[in-house]
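1. What follows is a predicted protein model with its sequence.
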Amino acid sequence: MLHGNLSYMFDKLSYSNDTTCINTDKINTVENTVINILKEKGYVLVPQPPLVEQSEVLIKEFLRQPWLINSLKIIGLLNNDSNWITMKTSSPKMFCCTLKTSRRVMLSELSIRSGFQAFHNHVEGSRNGVLLEASVNGDILASGYVDYDDIDEMVFLSQPVRNTTKKRNFHLLDVPKEFHIAGVINDEMNEAEKRQKEQELETLFNEQPHQAQHALSEWGQLHMSWFERTDRDLKKLICKSDYFWDNNNLLYQAYAESEKLRNEQVKLLFFCSETLIKEQNLESIWLPITSRKDFGIKPEIPW
């Protein structure tokens, strides 16, 4: 049962998401480009590596600590009906990192080599949101806002961030008008009305337990950040699968919810580090978890 106050619950359940989008329906071209880029990162395309014994416990750890499995990378590609391909990665900001062989951001390499413009949208909480755009001629631009100590030197990984005006989302790519105004709303509710609505929802939340989830949802709508609203609007324009767009633990999904991904027509690509391939020791992928006593899971306290 939910309890406490809505403001606390909303902060606790703060929205976050990372999604890469490529402006094409040619999924094979994108797939081949991704394979070549990952090869330069030291990874080789492989069939889905099998799990070891006690796989249920291992999968639970994927949900809790996916970053532990560094020698396995997973890419998910979904061809939509919007002339955009949605891409998710097991390391959510993977294509925002720099490729050492060219010193370019991987997203830029993807655009240049495939011949299609692309962007990555990053949302983290209510005060962090960055749109990273990459053109086919090698230009790259990050805009938005990150909660940074020095407002004059905002950076997202290695990229300087242009502070956005919230009037135009895209500054580099050629996209339809709907993309530019994603996240923009006509909010006719004044502060007094907003406070009154908050009080009504708090009462509903605390006095009618069966309505607590509804109250929390309404509170989320009332306090939704511009970054989250933009992300949700872009999803409506681009992606036919809410499930795929909204999830950011592809490692867990690939093993615990693989059938659901197949039903959503998501194409999964698995990459192992070249070192493991040469050693022919794929089971060592899972060692960061399996080498620890009881998989590193602490027993639950029975009170």
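-> Perfect, I can see it now.
2. where exactly do the helices run in the stretch 151-300 of the chain?
-> Along the stretch 151-300 of the chain, counting by DSSP state H, counting those that start in this stretch, helices occupy 177-180, 191-207, 212-222, 226-238, 242-246, 250-256, 258-263, 274-279, 287-290.
3. how about those, which one is nearest Ala118?
-> For the helices of the stretch 151-300 of the chain, the distance to Ala118 is smallest for helix 226-238, at 11.7 Å, taking C-beta to C-beta. C-beta: built from backbone N, CA, C; applies to glycine.
4. re earlier: do you know which of the helices of the stretch 151-300 of the chain lies nearest Tyr43?
-> helix 274-279 (6.9 Å).
5. can you give me the mean pLDDT across the closest one?
-> Confidence for helix 274-279, expressed as mean pLDDT, is 80.
6. do the same with stretch 112-121
-> 97.
7. contacting residues around it?
-> Applying C-beta atoms under 8 Å, 6 or more residues apart in numbering, the contact partners of stretch 112-121 are 17-24, 26, 29-30, 33, 36-37, 93, 95-96, 104, 107, 110-111, 129-138, 170, 173-174, 230-231, 234.
8. Just the buried residues of the residues you listed.
-> Neighbour counting over the contacts of stretch 112-121 (16 or more other C-beta atoms under 10 Å) leaves 17-24, 26, 29-30, 33, 37, 93, 95-96, 104, 107, 110-111, 129-136, 170, 173, 230-231, 234 as the buried ones.
9. Span of stretch 252-265 from start to end?
-> In stretch 252-265, first residue to last residue: 17 Å (C-alpha to C-alpha, to the nearest Å).
10. Okay, now the unreliable bits of the chain?
-> Low-confidence segments of the chain, defined by pLDDT under 70, are located at 1-13, 126, 147-154, 165-167, 185-191, 193-194, 207, 214-223, 279, 293-303.
11. residues in contact with Val34?
-> By C-beta under 8 Å, 6+ apart, the contact set of Val34 is 75, 77, 87, 110, 269.
12. ah, wrong one, I meant Pro47
-> Contacts for Pro47 (C-beta under 8 Å, 6+ apart) come out as Phe270.
13. ditto for Ser71
-> With contact taken as C-beta under 8 Å, 6+ apart, Ser71 is in contact with 272-273, 275-276, 284-285.
14. The nearest residue to it once chain neighbours are set aside bridge partners, please.
-> When the adjacent residues along the chain are set aside, Ser71 lies closest to Ser273, with 4.5 Å between them (C-beta to C-beta, 6 or more residues apart in numbering). Note on Ser273: beta-bridge partners by DSSP bridges are Tyr43.
15. now, which of the buried ones among the contacts of stretch 112-121 lie within strands?
-> With strands identified by DSSP state E, the entries of the buried ones among the contacts of stretch 112-121 that belong to them are 17-22, 104, 129-134.
16. Test my guess that the residue nearest to Ser71 contacts Tyr43.
-> Yes: counting by C-beta atoms under 8 Å, Tyr43 is a contact partner of Ser273 at 5.8 Å.
17. Which one of these two is surrounded by more residues?
-> Between Ser273 and Tyr43, counted using other C-beta atoms under 10 Å, the more crowded position is Tyr43 (23 against 18).
18. how close does the more buried one sit to Ile75?
-> For Tyr43, the distance to Ile75 under the criterion C-beta to C-beta, to the nearest Å works out to 10 Å.
19. shared neighbours, the two?
-> Counting by C-beta under 8 Å, 6+ apart, the common neighbours of Tyr43 and Ile75 are Phe271.
20. so can I have CSV of the helices of the stretch 151-300 of the chain showing distance to Ser71?
-> Supplementary listing: the helices of the stretch 151-300 of the chain in CSV, determined by distance: least, C-beta to C-beta, whole Å:
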stretch, distance to Ser71
helix 177-180, 37
helix 191-207, 45
helix 212-222, 37
helix 226-238, 30
helix 242-246, 24
helix 250-256, 12
helix 258-263, 20
helix 274-279, 6
helix 287-290, 9
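21. quick one, which of the ones you listed is nearest to Ala142?
-> Of all the helices of the stretch 151-300 of the chain, it is helix 226-238 that lies closest to Ala142, at 13.5 Å by C-beta to C-beta.
22. Perfect, I'm done here.
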